[in-house]
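Enquirer: I would like to see how this sequence folds:
(chains A and B)
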Amino acid sequence: MRRRNFIGRAGEFLSSMELTVFCIVALMILVVACTLAQVQLGVHLAVEKYIRSFFVWWNPGQGAVSIPIFPGGGAVGGLLLANLGMAQFRRLELSWRKAGLWIVHFGLALLFIGEFATAFFQVESHLTIEEGQTVDFTEDFRRMELAVIDVSDPSSEEVRSIPDSMLRSRAEIAHASLPFVLRVRGFIDNAELSMRSAGSPPSGATAGVGVDVVARQVAPASGEDRDVPAALIEPVAADARSYGVFLVSPALGAPQGFTHAGRSWRLALRPRRYPLPFTLTLKDFRHDVYPGTDIPKNFSSQVRLRDPRSGDDRDVLIYMNSPLRHDGLTFYQSSFGKNDTLSVLQVVRNPSWTLPYISCILVTIGLLWHFVLMLRRTLGAAA
Amino acid sequence: MNSRFLPGAVFAGALILAAWPALSPAPKTGFDVEAFGRLPILEGGRVKPLDTFARNSLLMIRSKQSVRVQGRSLPATRWLLDVALKPEASDEYRSFVIDDPEVLGVLGLDQRQGRYFSYAQLLAKRNEVGGQAQASQTVAATARTRFQRAVIDLDQRLSLYERIQNAFTPAGRGDPAAELAAFQAKLSEAMEVVQGGQRPKNAAALMGEIDAGLRRYATLAEASAFKILPPRSGEGEAAWAGLAESVVRPGAAAEPHPGAMLVARMASSYRSGDAAAFGAALAEQNAWLSANAPALARGARVEAVFNRAQPFFSGIVLYVLALLLIFASWAARRPDVASCARACAWAAFTVHTAGLLARTALQGRPPVTNLYSSAVFVGWGSALLGLIAERVHRRGFAAAGASTVGFATLLIAHHLSSSGDTMEMMRAVLDSNFWLATHVITVTVGYSGTYLAGLLAIVWIARRQVLRAPDPADDKALSSLTYGVIAFGLFFSFLGTVLGGIWADQSWGRFWGWDPKENGALLIVLWNALILHMRWAGFVRDRGIMLMAVFGNVITSASWFGVNMLGIGLHSYGFMDSAFWWLLAFSVSQLLIIILGALPPRFWDERDKRA
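Expert: Coordinates of the predicted model:
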């Protein structure tokens, strides 16, 4: 009996208007905090801290202990979603008069679900392509990988990719496909590289270009800047023979590697690559300005899309406000460079991208329905 | 008097008052500067009349559309001609407004000499200002001090002024027509030499002179402010050229632009004070324009009329007039005065609408394209809503609200206009008429609704707490109005916000990025939703709704202007920094009103009892 009472009370709480009001107010506070924090943290970190989290953590005095001080966007959003669902069935009668509100709340629930799905499933990467070049992978600048590449056969490189999270957490990486183990001798989240001056202490690297380079730990990047990691990697053969310690970082362009059992291997810490099952070739990039000014009028990339699976082999024009959608991916014109011969496309995989569209239509219809009914009642009462 | 006649007369009179500046012909003595101002030019990527450029430049340099010289007010085009062609006189005009005391310190000037300074006064420290500005540019935009921002601003205004000086001839000096004629004579001499195949003795000297002339014109082409020669038939938009630029264009030697000599003649005759010669060259130029580029010439003429009419300025005047009439009608309790007030408010709204439509037509874009036009449109939307509400409840509140928002937003727009051309070209990412027409318009209508609700709430608080005129019927009318307007605001701000998300999905690849402007819009939606839920749950009643509606003003203003002041995010194209204190003052005033409204009515009664 008490148990039922408890469930009943919990249900009542979850469906209560008090909770709705609390959630809306909490959401407003989070949104304000997230907006103001962007000045210091940049949009990515601010969103991670306030919105894409279940609690907002406070770390007094740079200590190791963090205290949750406020529900984060995930908690508030989840509560609001539960509240919306419960209130719907417990409070709102099923009538034509309330049909507008039903539709509105259903649409809102879809919007929340869409945002949750985006947070969990969306993958963003970039595709950098020069005129005439053909590319079949995209790069994720927020995640890194240690690429161990077998370059013995120049016509087909074999790549083993080790995510940066493994470099952080493990001291030694062994894999069946690798004939040697990789010892992680150091990892720096955000490194500043400089040439080693004569007489200064050794850099830690004993092979490759890193011998003359010093990597120094610096504060995490803020704003729109990204961390540039660095790692010290030592390949060790099965007979415990070391090939030296290599300094790897995306900031180091020069290829470095070693030869093991007659095969040439190359090491690189680089943005994580996602292979595409099709290719894009950049035919032309255009950057138009208004006459007599530098104000950009348009950016556009004309690409050739070739997909053997679907039989696509056609030209596509990607420009502002007009992305290419293909195979669950969306390609947007994002940036450019190299005197307007290089185009950067943002590539997004977001399986839930249609939800906001549906939600928008539903809520609009619902609100219109409800407010028109309300207006008719008010005018009826006034007449 | 007939009760129908009077409001009609007020309406018509107000419209005539507003149309007067456009209808009254300018005195035609001496130089026909007005007609010169109607010539089309290309500047900032847009074809506009010279008059628009002159007004915007003067607004940027002096924060006014005219300059006072020896007790006379000089219109913008006249000022521009003087700066470009009579530097001996115009360098003494007090063309620059400088308020920052630290910048004045660098210049060796002080505020006791006033706010306005002449180019001649600044010339000695010109290089110092340039150096300081360059040093300040290296500091990140958000981290700059007030001095650094002010000195960059002054440097930009000085360069604009100098580019105007170089519009026709270097630093406004010399005789452009004679120089051009001499140069063209040399060119044709050289052409004859080339075609005749013979080498006269002075060939090397001739080539040297032509080379020097070309270099001189090329330098001038780089340094001048605008392009006044339209493309000839068969040429594209890129063929627009300034006077000097047209001389150095490939092919100019064989086929000089027919307008080049005409413009040079206008410049020379203005410089020498020959009004007749100026008029003759201008007439020839206009004849060439109407034969070769009639659409451009027509567009420029229409815009020049729009500039002269200044509909938004007339709108401000009429909205204030309407407001005063409403107050008078409340004080005198006379319905006929109230009718006149309504007529005046409608006239103001008509002028506002005409201005908005004219801008939309001139720009060929939906009405909201930047911060300036959003202010014009928010005011228009609120005024329309308020006037419609006034037709339902004819008690003057809604008309008063409409007039106040109309007046305030047009005033804000007026202050925003000093940052340059208000019909600037759209950057690539914003270049989408479909989304400008849907997302931007609905969001702005949402702002309008929220402001109107806030204003009605202020009227409600004022009646209850200050005027102490409790009339249950009035109160009920006001609160049902406010409630309706909040619902309206919620609908449009939600729709606009989600449409914005969909636009972002189309252009940046994500529906929602928690960008400051997006967050601002979301806050408005949440706040309106909160008010409605609080009411439905019975947590607040009439007064609570009113107090919350007033706070909606703060949230809307913060979302509209405040997030731009953070200087971050994808929407910070409407950046502005001096308005921060105004925003703060406005927010404080709204909080005071909320406190006033929150005081129990008994508070006042008790004071009455004690008295």
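Enquirer: so A:Ser194, which of the three states?
Expert: strand (DSSP: H, G, I helix; E, B strand; the rest coil).
Enquirer: pull the residues that contact stretch B:220-230.
Expert: By C-beta atoms under 8 Å, 6 or more residues apart in numbering or on different chains, the residues outside stretch B:220-230 that reach it are A:292, B:39-43, B:47, B:50, B:53, B:57, B:160, B:162-164, B:166-170, B:240-248, B:257, B:259-260, B:263, B:289, B:292-293, B:296. Backbone N, C-alpha and C define where each C-beta goes, glycine included.
Enquirer: whatever residue of the stretch 1-150 of chain A ends up closest to chain B: neighbour count?
Expert: As assessed by C-beta to the nearest C-beta, chain B sits closest to A:Met17 within the stretch 1-150 of chain A, at 3.5 Å. Using other C-beta atoms under 10 Å in any protein chain shown, A:Met17 has 16 neighbouring residues.
Enquirer: just give the nearest non-adjacent residue to it, would you?
Expert: B:Ala537 (3.5 Å; C-beta to C-beta, 6 or more residues apart in numbering or on different chains).
Enquirer: surely that neighbour meets A:Val21?
Expert: Yes - using C-beta atoms under 8 Å, B:Ala537 is in contact with A:Val21, at 7.0 Å.
Enquirer: ok, the two, which is more surrounded?
Expert: A:Val21 (18 against 13).
Enquirer: how many neighbours does residue 111 have?
Expert: In the absence of a named chain, chain A is used. By other C-beta under 10 Å, the residues close to A:Leu111 number 22.
Enquirer: actually chain B
Expert: Other residues near B:Gln111 come to 11 when the count uses other C-beta under 10 Å.
Enquirer: with the one 3 residues further on instead?
Expert: With neighbours defined by other C-beta under 10 Å, the count for B:Gly114 comes to 11.
Enquirer: just read off the phi/psi values of the closest residue to it other than its chain neighbours.
Expert: Of all residues not flanking B:Gly114 in the chain, B:Arg94 sits nearest, at 7.5 Å (C-beta to C-beta, 6+ apart). With angles defined as degrees, to the nearest 10, B:Arg94 sits at phi -80, psi 80.
Enquirer: what parts of the stretch 251-383 of chain A come near chain B?
Expert: Applying C-beta under 8 Å from any C-beta of the partner chain, one finds that the stretch 251-383 of chain A approaches chain B through A:289-293, A:295-299, A:320-323, A:330, A:332, A:334, A:346-348, A:350, A:353, A:356-357, A:359-360, A:363-364, A:367-368, A:371, A:374-375, A:378, A:382.
Enquirer: the residues you listed, buried ones only, as a PyMOL selection?
Expert: Typed into PyMOL, the line below selects the buried ones among those, using 16 or more other C-beta atoms under 10 Å in any protein chain shown:
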select buried, chain A and resi 290+291+292+295+296+297+298+299+320+321+323+330+332+334+346+347+348+350+353+356+357+359+360+363+364+367+371
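Enquirer: please narrow the residues of the stretch 251-383 of chain A next to chain B to those residing in strands.
Expert: Counting by DSSP state E, these place A:289, A:296-299, A:330, A:332, A:334, A:346-348 in strands.
Enquirer: and the pLDDT for whichever residue of the stretch 201-350 of chain A sits closest to chain B?
Expert: Of all residues in the stretch 201-350 of chain A, the one sitting closest to chain B is A:Tyr290 (2.6 Å; C-beta to the nearest C-beta). For A:Tyr290, the model assigns a pLDDT of 82.
Enquirer: who touches the residue lying closest to it once chain neighbours are set aside in this structure?
Expert: In this structure, A:Tyr290 finds its nearest non-sequential neighbour in B:Gly45, 2.6 Å apart by C-beta to C-beta, 6+ apart. Taking C-beta under 8 Å, 6+ apart, we find B:Gly45 in contact with A:289-293, A:295, A:297, B:424-425.
Enquirer: ok, now B:Thr556?
Expert: Counting by C-beta under 8 Å, 6+ apart, B:Thr556 has contacts B:447, B:450-451, B:454, B:524.
Enquirer: nearest to chain A: which residue in the stretch 251-400 of chain B?
Expert: B:Val392 (7.8 Å).
Enquirer: quick check, central residue of chain A?
Expert: Residue closest to the mean C-alpha point of chain A, counted by C-alpha atoms, centre = their mean, is A:Glu124 at 4.7 Å.
Enquirer: contacting residues for it?
Expert: By C-beta under 8 Å, 6+ apart, A:Glu124 lies in contact with A:140, A:142, A:346-348, B:509-510.
Enquirer: please redo it, this time with the cut-off set to 10 Å
Expert: A:138, A:140-142, A:346-350, B:509-510 (C-beta atoms under 10 Å, 6 or more residues apart in numbering or on different chains).
Enquirer: so what pLDDT did residue 102 get?
Expert: No chain in the question, so chain A it is. Looking at A:Trp102, the pLDDT reads 85.
Enquirer: if you could check chain B rather than the one you did, that'd help
Expert: 86.
Enquirer: nearest residue to B:Pro170 in space, ignoring adjacent ones along the chain?
Expert: The nearest residue in space to B:Pro170 (C-beta to C-beta, 6+ apart) is B:Leu220, at 5.7 Å.
Enquirer: before we move on, what SS does that neighbour have?
Expert: Per three-state DSSP, B:Leu220 ends up helix.
Enquirer: residues near it, how many?
Expert: 22.
Enquirer: just A:Arg309 next, same as before
Expert: Other residues close to A:Arg309 by other C-beta under 10 Å number 8.
Enquirer: same deal with A:Ala64?
Expert: 5.
Enquirer: and what of A:Met195?
Expert: 9.
Enquirer: what does B:Val588 give?
Expert: 11.
Enquirer: can you tell me how far it sits from B:Trp560?
Expert: The gap separating B:Val588 from B:Trp560 is 17 Å, by C-beta to C-beta, to the nearest Å.
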